[in-house]
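S.K.: what's the 3D shape of this:
(2 chains)
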Amino acid sequence: METFSFRHKAERRSAGTKAQAIVGVVASGNLEVLVERNLPDTECHVEVSTPIAGFGPVWEAVVADFVERRSPGGLKLSINDGGARADTVALRLAQAVRLIEEDVR
Amino acid sequence: MTGISWYESSARDRVRLLLDAGSLTEVIGPEQRETSPHLDLFDLPKQFDDGIVVGRGRLSGKPVFIAAQEGRFMGGAFGEVHGAKLTGLLRAARDARTVPVLILFDTGGVRLQEANAGELAIAEIMRALIEARCAGAKVIGLVGGRAGCYGGGGLVAGCCSALAVSEHGRIAVSGPEVIETNRGVEEFDSKDRSLVWRTMGGKNRRLIGGADAFVDDTIEAFRAAALHLIERAPAFGLDMLKAEQARLAERLKRFGDCADGLDIWKREGAVDAAAIPSLSAEAFTTLADKIREPRYDAR
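M.R.: Numbering: from 1, shown residues only, chains lettered A, B, ... in the order given. Prediction:
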């Protein structure tokens, strides 16, 4: 199992008030993203756990691109990967942020 | 939520859409990271909720306990933590006495990577389930996920007060491949998908009394069936056990020599038994009720 921990500065605080959200399932070619609002407003941490070795640079690039696009300040995102492709990872990260920014029903 | 497929939905979506909006209070949620202590040994990825959502919520305004297995994570299989969460939920139901429990099965059985812990979990779940029923709680199983309900899941389903199943739902203990591997292709041809559905599928289970309701593959249909079965499922006691014993003895006498679901349906008096697999849920339910009314005294 390879693990990565990425620390980024975000431009601004993520919208909404929800404390947490989760999206996706750990299955072949899929992943789950747990997002929690528990960091200072301009910080974003992404923790990755993946059984597929050797893709550190790809994870780093996908996460950096995600932070730049979404500005997920204050959020910690934890990933359990099941061997997802980079585009699926980008999609799940975006879904996770959208979910936590939604108003509580 | 009109027409949303149960089969296609995740465990979390099933729970969210089945219960009254926003009523779920999850217990040991993913943020607590109570993951499997065994999967690291095999270098396998974990899931934060270990593949099961458990908690409390409301169904049509009334409180329920609920558990939902995620069939896409390791085939929805029971591991140590996964099983302990369900056991704990059933013990809470035992202590509450009158609050019904919904179990949304979607499982291939025990997780092979933690087999001993998983087998023990099945035993603990069955004990806790029966204790909950003895205390007065009704336990309703809903089966319609992609993993079906197999292995230890089939045993736990057999302990429930009542079951609802869809066309996609399959209920059994040994799966098709397991039977073929152990007893040979003449005993059971696992490649014959039609045979699999004729024997383990929802329609046959409803017709032989293994399931109490047959439903469309939608969230609303499962919701309606859950409400109906909470009302109608029998209380647990000696009379019910005697009725169940009599029902099973009669079933064995009537169908013990049948090799295929088709033979059973013909013997039950279905005029066009071969057409049953292609019937819509509505047409099938009408036919099934005519052939054999669901019984609510046994289980």
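
S.K.: the residue of the stretch 151-299 of chain B found nearest chain A: neighbouring residues, count only.
M.R.: Closest to chain A within the stretch 151-299 of chain B is residue B:219: 16.3 Å, counting by Cβ to the nearest Cβ. For glycine as for every other residue, the C-beta is placed from the backbone atoms N, C-alpha and C. Residue B:219 has 21 neighbouring residues, counting by other Cβ atoms under 10 Å in any protein chain shown.

S.K.: who is the closest residue to residue A:81 other than its chain neighbours paired with across the strands?
M.R.: Nearest residue to residue A:81, sequence neighbours excluded (Cβ to Cβ, 6 or more residues apart in numbering or on different chains): residue A:50, at 3.8 Å. Assessed by DSSP bridges, residue A:50 has beta-bridge partners residue A:2.

S.K.: how about the residue nearest to residue B:136 when sequence neighbours are not counted, phi and psi?
M.R.: Nearest residue to residue B:136, sequence neighbours excluded (Cβ to Cβ, 6+ apart): residue B:97, at 4.7 Å. Dihedral pair for residue B:97: phi 70, psi -50, per degrees, to the nearest 10.

S.K.: check contacts around residue B:90.
M.R.: B:65, B:101, B:125, B:128, B:129, B:131, B:132, B:139 (Cβ atoms under 8 Å, 6 or more residues apart in numbering or on different chains).

S.K.: between the residues you listed, which is nearest chain A?
M.R.: Once Cβ to the nearest Cβ is applied, the member of the contacts of residue B:90 that ends up nearest chain A is residue B:65, at 20.7 Å.

S.K.: check contacts around that closest one.
M.R.: Counting by Cβ under 8 Å, 6+ apart, residue B:65 has contacts B:54-56, B:89-90, B:92-93, B:96, B:99-102, B:137.

S.K.: which strand or helix spans it?
M.R.: Assigned by DSSP states H and E, residue B:65 falls within strand B:62-69.

S.K.: partners of that strand in the sheet?
M.R.: Strand B:62-69 is paired, per DSSP bridges, with strand B:52-59 (antiparallel), strand B:101-105 (parallel).

S.K.: you'd agree the residue nearest to residue B:136 is up against residue B:133?
M.R.: No: counting by Cβ atoms under 8 Å, residue B:97 does not reach residue B:133; the two are 10.7 Å apart.

S.K.: number of residues surrounding residue A:73?
M.R.: Residue A:73: 21 neighbours (other Cβ under 10 Å).

S.K.: for it, give me its contacts.
M.R.: A:10, A:11, A:12, A:13, A:14, A:39, A:41, A:42, A:43, A:44.

S.K.: still on that earlier bit, tell me the most buried of the strands paired with strand B:62-69?
M.R.: For those, the largest average neighbour count (mean count of other Cβ atoms under 10 Å in any protein chain shown) is found in strand B:101-105, namely a mean of 27.

S.K.: helix or strand right after that one?
M.R.: Counting by DSSP H and E, what follows strand B:101-105 is helix B:115-135.

S.K.: in chain A, which spans are helices?
M.R.: A:56-70, A:86-101 (DSSP state H).

S.K.: ok, and what's touching the shortest one?
M.R.: Read it as helix A:56-70. By Cβ under 8 Å, 6+ apart, helix A:56-70 touches A:2, A:4, A:6, A:8, A:10, A:14, A:44, A:46, A:48, A:50, A:72, A:86, A:89-90, A:93-94, A:97.
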